[in-house]
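Chemist: Quick one, structure for this:
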Amino acid sequence: MKTRIQISQNQLAQLIDLAKLSLPNESCALLAGEFEEKETYTEIRVLKILTAKNADKSVISFSIDEMELIDLYEKAEADGLQVVSIFHSHPSKPIPSSTDLKFMKINPIVWLIYSSSMYEFRAYILTEKLEEVEIERS
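Modeler: Okay, here's the model as predicted:
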């Protein structure tokens, strides 16, 4: 089944700003919202951006401190939302790295990646295989 992520232009602009502020390091955030199963695809609506600090402070990787991660999940839950996507930026192409793929296996939700050099968003989900996810800008 195909997956589509719906995100507003304003939310994308917020993520670009986060990526710029984090340079030269990767930025990261959790995206909270809702899942809706349609007949032929799953639609994900992003309703809130939960920004995080890159605990790695790295240009080639990111991680979120365990306590901050718990806090972000609790914030989403308090708003009646689910974490629907993991966002981070790359200094190069917006495609999953080998490290991303490892963590995508244990976090089977949409990963939204922004390239701070190519100024481009792409989204992926890893189920049985890596699939690109359609980004619907609203």
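Chemist: From the centroid of the chain, which residue is nearest?
Modeler: When the chain is reduced to its mean C-alpha position, the closest residue under CA atoms, centre = their mean turns out to be Phe87, at 2.2 Å.
Chemist: ok, the residue nearest to Glu36 when sequence neighbours are not counted - how many residues close by?
Modeler: Excluding its sequence neighbours, the residue lying closest to Glu36 (CB to CB, 6 or more residues apart in numbering) is Glu43, at 4.7 Å. C-beta coordinates here come from the backbone N, C-alpha and C atoms, glycine included. The local packing of Glu43 (other CB atoms under 10 Å) involves 17 other residues.
Chemist: And Glu43, how far from Leu31?
Modeler: 14 Å (CB to CB, to the nearest Å).
Chemist: centre of the chain versus stretch 98-110, how much separation?
Modeler: Chain-centre distance of stretch 98-110: 11 Å, with CA atoms, centre = their mean, to the nearest Å.
Chemist: Same question for stretch 72-89.
Modeler: On the basis of CA atoms, centre = their mean, stretch 72-89 sits 10 Å off its chain's mean C-alpha point.
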